[in-house]
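[1] Here is my input, please return the structure:
(one chain, ligands or ions: 1)
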Amino acid sequence: MTLTDLTLTEALAKLRSGEIKATELTQAYLDRIALIDPKIDAYLTVTGELAMEQARRADARRAAGDDAPLLGVPLAIKDVLCTQGVRTTAGSRILSDFVPPYTATAVQKLFSAGAVMLGKTNLDEFAMGSSTENSGFCPTRNPWKLDRIPGGSSGGSAAAVAAHVAAGALGTDTGGSVRQPAAMCGVVGIKPSYGRVSRYGLIAFASSLDQVGTFGRTVRDAALLLGVIAGHDECDSTSMNTPVPDYSATLTGDVKGLRIGVPKEYFLPGMQPEVEQAVRAAVEQLRTMGAAVREVSLPHTDYGIPIYYLLAPAEASANLARFDGVRYGRRVTRPGMWPTYKATRGQGFGPEVKRRIMLGTYALSAGYYDAYYLKAQKGRTLLKHDFDQAFTQVDVIATPTTPRTAFRIGEKTDDPLQMYLEDVFTLPANLAGICGVSLPCGFDGEGLPIGLQLLGPAFGEPAILRAAYAYEQATEWHKRSPALG
Ligand code: GLN
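    A predicted model of the protein is given here:
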């Protein structure tokens, strides 16, 4: 038995029964990281010593009769979530040596539940990107084909789970950054509803869109992690004070009577035919299992990209003003305050981050505010109404997660607009504040994974997870793993 091949749920069962120890499991993961990670570069920081210490503590807790929900489970954390005492870079050179004085609530909740942190994973700088190529450090490679991107911005977390160098992981999703890399790496990724998970300690990109999400090799694994990190936090007033359902209890394998909508706007002429075929076949599968399938319309879908790429940079330009070389991270000293700011930001930020700050600052500036920012906000409301309307007719909306499978490293780096188009199916959910999950539903002719996206209304996680689990149980896609040695 190879310990790192166990799903999170399987590993937990063996930890519970005493068949394996957290220290053994953690060591197996650290050994595999040493062997495999140099091929994919999923991790920016591996916290080996800390992991073994946490594993020893988990074993001691279990010996004392503790059965916390993640006791002894080794996980990877996207490097945009603050971890006390452990370098947190947000994928940016400007924070290359930043060691936070506190831990993000979502991560703290994992620790309280007994999880072990293996390390911090690579991402597009400040989570701005769709391929992890905007990382200030290095690109991450897709475990299925090493010349391909893993998706982004949580590409490190998705690749880590796909390559079995973590049992599960946390990511963040502002416009698709959990679902899109999950699709491209052939794993499960959940973007919870806005307000479901605390953002305290998450280095902010676009605060009205950001949400912490989970990755697993199976729906059950990702749902288990979500159950642990969800809930109200007094440190984040946007986290909702509504009870967290028992997500595992919704995983029945049954979809009888579930109403599933297929939006006609989510099948575009330019998309990869294999993606459309796989997603339509997945919907058909759900229909044969007893779901009621119908077409729905989300008429403002086309406006998603322009709305998002105005609002997200506008919020980013404000959020990133704090990185001035005075309070956080790296400083490039020049005589005087303004020259120091300029040199620090000029050298610390990469080109995509600068582009977003410029776009956002322009959109918010006097004289342009009404024409751009305000108009985009109005568009956002229309887009949200589309979903409100559709969810009066159906419980779940099924779409492709991405128009195409993973593209080649370097293929789109010179064309930001092409890169932005990758998010066409994922970012509407963030604009509307609703929840979504991506799970494997096939492979293309080159052996690259295809993702099925299931969207639900705000706080509708139980319905999408129910549908996702039922589909997963009826298919074998999630059982495939990339051949990495
Ligand atoms: N790809 C999108 C962007 O570049 C979304 C990123 C994200 O969800 N963090 O903004």
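[2] Near residue 241, how many other residues are there?
    Using other Cβ atoms under 10 Å, the number of residues around residue 241 comes to 10. For every residue, glycine as well, the C-beta is placed using N, CA and C.
[3] Oh, that last question was meant for residue 292, not what I typed.
    Counted with other Cβ under 10 Å, the neighbours of residue 292 add up to 15.
[4] Which strand residues bridge it?
    Per DSSP bridges, residues listed as beta-bridge partners of residue 292: residue 259.
[5] my read: residue 285 touches residue 474, true?
    Yes. Checked against Cβ atoms under 8 Å, the pair residue 285 and residue 474 is within contact range at 6.0 Å.
[6] Who has more neighbours out of these two?
    Here residue 285 and residue 474 are compared on neighbour count by other Cβ under 10 Å; more neighbours surround residue 285, at 17 against 14.
[7] Tell me which residues touch that one, please.
    Applying Cβ atoms under 8 Å, 6 or more residues apart in numbering, we find residue 285 in contact with 471, 474, 475.
[8] Repeat that for residue 104.
    Under the criterion of Cβ under 8 Å, 6+ apart, the neighbours of residue 104 are 81, 82, 83, 198, 200, 201, 202, 212.
[9] And it, how far from the ligand?
    Distance check for residue 104 against the ligand: by Cβ to the nearest ligand atom, to the nearest Å, it reads 15 Å.
[10] who touches the lowest-mean-pLDDT helix or strand in the chain?
    Taking mean pLDDT, DSSP states H and E as the measure, helix 416-421 is the helix or strand of the chain with the lowest mean score, a mean of 88. Applying Cβ under 8 Å, 6+ apart, the contact partners of helix 416-421 are 129, 130, 131, 305, 309, 352, 355, 403, 412, 413.
[11] anything in it near the ligand?
    No. Judged by Cβ under 6 Å from any ligand atom, helix 416-421 makes no contact with the ligand; its nearest approach is 6.9 Å.
[12] Just give the number of residues close to the closest residue to the ligand within the stretch 301-450 of the chain.
    The minimum distance from the stretch 301-450 of the chain to the ligand, using Cβ to the nearest ligand atom, falls at residue 423 (4.7 Å). Residues near residue 423, counting by other Cβ under 10 Å, number 26.
[13] rewinding a little: the contacts of helix 416-421: which ones sit near the ligand?
    Counting by Cβ under 6 Å from any ligand atom, the subset of the contacts of helix 416-421 that neighbours the ligand consists of 129, 130.
[14] Output the contacts of helix 416-421 in JSON lines, with pLDDT, secondary structure and neighbour count appended to each entry.
    Formatted as JSON lines, the entries for the contacts of helix 416-421 read as follows, by pLDDT from 0 to 100; DSSP: H, G, I helix; E, B strand; the rest coil; neighbours: other Cβ atoms under 10 Å:
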{"residue": "129", "pLDDT": "97", "secondary structure": "coil", "neighbour count": "30"}
{"residue": "130", "pLDDT": "97", "secondary structure": "coil", "neighbour count": "28"}
{"residue": "131", "pLDDT": "97", "secondary structure": "coil", "neighbour count": "30"}
{"residue": "305", "pLDDT": "97", "secondary structure": "helix", "neighbour count": "18"}
{"residue": "309", "pLDDT": "96", "secondary structure": "helix", "neighbour count": "21"}
{"residue": "352", "pLDDT": "97", "secondary structure": "helix", "neighbour count": "18"}
{"residue": "355", "pLDDT": "97", "secondary structure": "helix", "neighbour count": "14"}
{"residue": "403", "pLDDT": "96", "secondary structure": "coil", "neighbour count": "18"}
{"residue": "412", "pLDDT": "92", "secondary structure": "coil", "neighbour count": "19"}
{"residue": "413", "pLDDT": "90", "secondary structure": "coil", "neighbour count": "17"}
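[15] right, and the pair among the contacts of helix 416-421 with maximum separation?
    With distance counted by Cβ to Cβ, no two of the contacts of helix 416-421 lie farther apart than 355 and 403, which are 22.5 Å apart.
[16] Next, the contact list for the residue nearest to residue 297 when sequence neighbours are not counted, please.
    Take residue 297 and drop its neighbours on the chain: the residue closest to it by Cβ to Cβ, 6 or more residues apart in numbering is residue 264, 6.0 Å away. Contacts were defined as Cβ under 8 Å, 6+ apart; by that measure residue 264 touches 295, 296, 297.
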